[in-house]
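> Here's my sequence, what's the structure:
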Amino acid sequence: MISTDFLILGAGVAGLRAAIELSRYGRVTMVAKGGPQDNNSFYAQGGVAVALSEEDDVVLHLADTLKAGHQLCSRPATKILVEEGPSRIHELIEWGAKFDTVNGKLAFTREGAHSRHRVLRAGGDATGSEMVRALSVKAQTLKNLTWMGNHIAVELCIQDGRCRGALIIDELSGTLKIVCAPATLLVTGGAGQIYARTTNPANATGDGIAMAYRAGAILEDMEFVQFHPTALYLPSSPPFLLSETLRGEGGILRNNRCERFMKNYHRSQELAPRDIVSRAIWTEMQRTKARHVYLDVTHLGATFLKERFPTIYSTCLRYDIDITEEWIPVSPSAHYFMGGVKTDLDGASTIPGLFAAGEVACSGVHGANRLASNSLLEGLVFGYRAAQAASACSTISSCPDFSNSPLFRKPSGRKMSTQDVEKIRNSLRRLMWSKVGLVRTGNSLKKTFDQIQQWSQKLSAAPWSRPGLETRNMVLVGQCITEAALWRGNSVGAHFREDFPFHKGLAWKTHSRCQQDNDAKPTAVTKKNTQKTTRH
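Next up, the predicted model:
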């Protein structure tokens with residue numbers, strides 16, 4: 001039993017910013033899988049969107065975000081994002097973050113669906129790692145912050161309807177621990193690994209979303225999964241993100257017939273919103289019977305590309321692709337979750353004592369499609385706000401008694417083998433990619449939901465190891481996404497149903513909600529109608 005004032009699960013930008021704020025009010029314990037760099041924030045390339053340039057304004061940033069989100073964003077939450085964002089960035093610069101400059105002024109670039117050059121970058125294409133570095137350096141100066149790396153959270157501890165901490169496992173020793181706290185903050189990131197192609201690191205398995213669901217929290221907008229249009233496509237390599245700023249600087253998309261095709265899909269061409277570009281690429285791949293298209297940046301010049309995109313240049317060269325001379329084979333990959341744990345404007349979930357921020361949360365700022373480079377800003381803004389709200393929770397002097405809790409009921413009887421767990425994991429990823437990906441249909445979703453339910457039942461005997469726990473979480477998140485996608489009988493933003501290609505009337509303006517019922521099955525609930533609708 002470990003007692004602390006504030007428990008943070010996760011260690012990306014949102015978690016680090018929250019830890020810095022909460023350290024002013026008490027003891028902070030930060031728990032994370034792997035090391036301090038094993039998070040989505042660290043791998044973010046393109047930049048952070050913020051209205052700081054002379055040509056920009058928060059009103060324009062707000063308008064672009066709402067438009068990209070297909071009017072399903074929460075306007076109050078989005079206003080908070082764009083209005084408080086500049087202060088959080090200035091604060092980060094004061095703490096030592098080194099963003100790129102030109103002639104002594106901050107350098108801004110433009111990405112898809114932005115009406116202005118407002119995307120700050122660092123190291124050319126290493127913005128996330130620089131932000132994590134600056135926040136980590138600041139966090140290391142905090143005397144009351146305890147770091148617990150190489151620990152995986154198993155379940156949230158709920159007592160009398162309130163979250164009182166979490167059950168965790170030491171990955172190295174297998175030791176079970178309960179960390180008790182009056183306030184727990186989920187900043188565990190997304191779940192890209194449930195798809196066969198993803199830009200996310202290996203630890204993005206939806207643990208926080210799954211734990212919150214099992215604890216009784218409401219999940220919102222789970223059907224909205226963003227697929228990044230341009231990830232490196234090579235049979236022998238994992239998908240590697242090719243930043244949207246490549247297109248922002250003038251990169252051109254071509255099909256395998258050498259045709260520039262985006263002019264046929266949107267007036268903004270390569271700078272259209274991500275959902276439109278991704279589906280355009282998918283359509284071209286189907287039309288030309290190809291597994292990828294090409295991103296052409298050769299006309300931008302070798303010197304510019306090497307200096308502006310050093311990480312992308314060196315990574316592609318490692319796979320024998322010189323982007324200064326060759327077109328880059330690309331195809332879409334799962335990238336970001338707009339949905340997640342439903343929160344209010346201060347990061348509070350529907351369970352008292354449980355807060356969430358960053359990709360694990362559904363704060364409402366992204367709607368049906370995230371505006372490029374708003375994610376890092378969301379982590380800073382709502383990590384700070386969630387911490388402020390969590391600081392109001394009263395401290396505890398001792399841990400509640402969880403000795404008879406169902407938390408400790410490990411799988412009984414014959415356990416699944418590691419090979420069986422891995423087989424389900426791989427099958428899930430292929431199924432989600434092919435049936436719950438860029439293009440969906442009702443019949444496929446129904447069959448997928450039934451199959452995932454079967455896997456869920458089998459995984460009740462999964463071992464309490466990292467692979468077993470992660471796979472259980474991945475299957476549950478996949479089940480909730482499929483259920484929400486089946487419920488939404490229309491197409492909007494990142495969610496596209498071939499059998500319902502348009503949205504009619506006002507029904508599409510509601511939000512899906514997924515919450516565990518008494519039978520422990522995911523149920524989709526409309527925002528305006530609290531009646532649960534379970535699909536079988």
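
> residue contacts, the closest residue in space to Leu438 that isn't next to it in sequence?
For Leu438, the nearest residue in space outside its immediate sequence neighbours is Trp282; the separation is 4.9 Å by Cβ to Cβ, 6 or more residues apart in numbering. In short, each C-beta sits where N, CA and C put it, glycine included. By Cβ atoms under 8 Å, 6 or more residues apart in numbering, the residues touching Trp282 are 332, 438-439.

> before we move on, what about Val492?
Under the criterion of Cβ under 8 Å, 6+ apart, the contact list for Val492 reads 70, 72, 368, 503, 508.

> and if we set it to 10 Å?
For Val492, the residues meeting the contact criterion (Cβ atoms under 10 Å, 6 or more residues apart in numbering) are 69-72, 223-224, 275, 367-369, 500, 502-503, 508-509.

> And those, which of them are buried?
Neighbour counting with 16 or more other Cβ atoms under 10 Å marks 69-70, 72, 223-224, 275, 367-369, 500, 503, 508 as buried within these.

> in what helix or strand does Ser456 lie?
Using DSSP states H and E, Ser456 falls within helix 442-458.

> and the next element down the chain from that helix?
Using DSSP H and E, the helix or strand that follows helix 442-458 in sequence is helix 466-487.

> which strands and helices sit next to that following helix?
strand 151-159, helix 207-215, strand 219-220, strand 225-232, helix 418-435, helix 442-458, strand 513-514, strand 524-525 (3 or more Cβ pairs under 10 Å, 6 or more residues apart in numbering; DSSP states H and E).

> I'd guessed Leu176 sits against Ile168; true?
Yes: the pair Leu176 / Ile168 is scored as a contact, 7.7 Å apart, by Cβ atoms under 10 Å.

> any residues in contact with both of those two?
Taking Cβ under 10 Å, 6+ apart as the contact rule, the neighbours common to Leu176 and Ile168 are Val154.

> okay, those two: which has more neighbours?
Set side by side, Leu176 and Ile168 show unequal neighbour counts under other Cβ atoms under 10 Å, the larger going to Ile168 at 23 against 14.

> about what we covered before: can you check the pLDDT for the residue nearest to Leu438?
Turning to Trp282, the model gives it a pLDDT of 95.

> Pipe the buried ones among the contacts of Val492 into JSON lines and attach secondary structure per row.
Formatted as JSON lines, the entries for those read as follows, by DSSP: H, G, I helix; E, B strand; the rest coil:
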{"residue": "Gly69", "secondary structure": "coil"}
{"residue": "His70", "secondary structure": "coil"}
{"residue": "Leu72", "secondary structure": "coil"}
{"residue": "Glu223", "secondary structure": "coil"}
{"residue": "Phe224", "secondary structure": "coil"}
{"residue": "Asp275", "secondary structure": "helix"}
{"residue": "Gly367", "secondary structure": "coil"}
{"residue": "Ala368", "secondary structure": "coil"}
{"residue": "Asn369", "secondary structure": "coil"}
{"residue": "Phe500", "secondary structure": "strand"}
{"residue": "His503", "secondary structure": "coil"}
{"residue": "Trp508", "secondary structure": "helix"}
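
> Out of these, the closest to Trp433 would be?
Ranked by distance to Trp433 (Cβ to Cβ), these are led by Glu223 at 15.4 Å.

> Tell me how far the closest one lies from Gly383.
With distances defined as Cβ to Cβ, to the nearest Å, the gap from Glu223 to Gly383 amounts to 25 Å.

> What of Gly128?
Here the criterion is Cβ to Cβ. By it, Gly128 lies 14 Å from Gly383.

> Quick check on the two: which one has the bigger neighbour count.
Looking at Gly128 and Gly383 with other Cβ under 10 Å, you find the greater number of neighbours at Gly383, namely 32 against 25.
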